[in-house]
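Novice: Pasted the sequence and its predicted model underneath.
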Amino acid sequence: MMATTLTGLRIWNGEGFCDADAIRIEGPQITAVGDAGDLAADAKVINYSGATAIPGLIDAHVHMVLDPEKRNPPDRDDVPDMVAMRRRARDMIHAGITTARDLGGGHWLELALRDDIAKESIEGPRLLCAGQPVTSSGGHCHFWGGEANSIDDINAVIDRQLEHQVDLIKVMATGGRMTSGSQPLEPQFSIPQLNQIVARAEQAGLGVAAHCHGTAGINAAATAGVTTIEHCSWVGKDGWASDYREDVAELIAEGHIAISPTVNAGWKRMLGNATGERISRALRDMIALDIGIIASTDAGIPGVFHHDLPRALDVFQQLTATSNAFTLATATSRSADVLGLGEVTGRIATGLSADLLIVDGNPLTDLKNLCRPVGVWVRGQPLDSL
Ligand SMILES: [Zn+2]
């Protein structure tokens, strides 16, 4: 097998800049990071002079089955369009998103997509999939078929996902905006029910992602010890982020639960307004408590496109006033660690998958450079040869 050495690079490895200018790739893996002079022997050399390599990006919350052009949620009988799903997957890798976590669909087609991508029969990011989210009867995203009211129902819904070989379990711990009749403010499950969901998933070696808007639901999910809290919107009577509670945030920190805040590029409109200010304060408080934040967009909901994480990262950085390095870590090294992929991807290091986003200029000085890709490598293959 011919090795490939990428040279002329500035290399940000997921945590910091490397004292190196070249990456050697053999098969799907990075086999060395170092000086071009040492790594070019017996290899095809590709020069990327002036560009920066960072690890391929990770979006921790997407829905491959959802069409962002559609305003209304799907009906229970709507069979997702596999051709459109493949197109979304291809668009994602062209934007440098080489891994994503899918947090809900109704027919397990996103798992079929995951398996086709893993077999390299089609182009796309590595996917982790949750299948049907556990929800209450008539609750948020009930149209995906995961309704459960009793402990027996909960076990049955989880076991059905396990039969389909999901990578994690998703629970709708509160209502959501996408489903009429469900209330974002209100919890959908009791703490004992959430405990059972976490225990059943743990028995199968899986984590739990909990959709939470209202503070009571956030508190319940944190108490039950889920793996990640999605959105974490702190919704109160006075709107988004109006009910931030320091004691609940401390519970999240003590439980080493990560937050996936689903900041999409459209949140640009909130920068500087009252809601944006409240969300910004809550995020900054959580970051100050050292709660892990992982980048996510909820791609697939109306107007949120699957390839838009690079633009969303710029908005996240402005919203949180964190450094570009902190922001990029939420979409690379930190996310990989939280998703259990730290030994697979998320860093540019020997032995990890060769998942690379190579951009013109330096994204550590300007995140807008993320939108100027000059090369993307997915599991050791450049896009044009995929
Ligand atoms: Zn979602």
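Specialist: Thanks, I have the structure now.

Novice: and the residue minimising distance to the centre of the chain, helix, strand or coil?
Specialist: For the chain, the residue whose C-alpha lies nearest the mean C-alpha position (CA atoms, centre = their mean) is Ala60; its distance is 0.9 Å. Recorded secondary structure, Ala60: strand (DSSP: H, G, I helix; E, B strand; the rest coil).

Novice: quick one: it and Asn47, what's the gap?
Specialist: Look at Ala60 and Asn47: by CB to CB, to the nearest Å, they are 33 Å apart. From N, CA and C alone the C-beta is placed, and that goes for glycine too.

Novice: For stretch 217-226, what is the distance to the chain centroid?
Specialist: 20 Å (CA atoms, centre = their mean, to the nearest Å).

Novice: So which bits of that stretch are buried?
Specialist: By neighbour count on 16 or more other CB atoms under 10 Å, the buried set for stretch 217-226 is 217-222, 224-226.

Novice: hmm, who's touching that stretch?
Specialist: Identification of contacts with stretch 217-226 by CB atoms under 8 Å, 6 or more residues apart in numbering yields 171, 173-174, 186-191, 194-195, 197-198, 207-210, 212, 229, 232, 234, 245, 248, 251-252, 255, 257.

Novice: one step back: of the buried residues of stretch 217-226, just say which sits nearest to Ile97.
Specialist: Nearest to Ile97 out of the buried residues of stretch 217-226 is Val226 (CB to CB; 24.1 Å).

Novice: what would the buried residues of stretch 217-226 look like in JSON lines with secondary structure, distance to Pro74 and pLDDT?
Specialist: Listed next are these as JSON lines, based on DSSP: H, G, I helix; E, B strand; the rest coil; distance: CB to CB, whole Å; pLDDT from 0 to 100:
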{"residue": "Gly217", "secondary structure": "helix", "distance to Pro74": "23", "pLDDT": "97"}
{"residue": "Ile218", "secondary structure": "helix", "distance to Pro74": "27", "pLDDT": "98"}
{"residue": "Asn219", "secondary structure": "helix", "distance to Pro74": "30", "pLDDT": "98"}
{"residue": "Ala220", "secondary structure": "helix", "distance to Pro74": "27", "pLDDT": "98"}
{"residue": "Ala221", "secondary structure": "helix", "distance to Pro74": "25", "pLDDT": "98"}
{"residue": "Ala222", "secondary structure": "helix", "distance to Pro74": "30", "pLDDT": "98"}
{"residue": "Ala224", "secondary structure": "helix", "distance to Pro74": "28", "pLDDT": "98"}
{"residue": "Gly225", "secondary structure": "coil", "distance to Pro74": "31", "pLDDT": "98"}
{"residue": "Val226", "secondary structure": "coil", "distance to Pro74": "25", "pLDDT": "98"}
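
Novice: Nearest to Met270 among those residues?
Specialist: Closest approach to Met270 among the buried residues of stretch 217-226 (CB to CB): Ile218, at 19.9 Å.

Novice: Skipping adjacent residues, who's closest to that closest one in space?
Specialist: With sequence-adjacent residues excluded and distances taken as CB to CB, 6 or more residues apart in numbering, Ile218 is closest to Cys212, at 4.5 Å.

Novice: what's the answer for Arg245, then?
Specialist: Distance criterion CB to CB, 6+ apart; nearest residue to Arg245, sequence neighbours excluded, is Thr215 at 5.7 Å.
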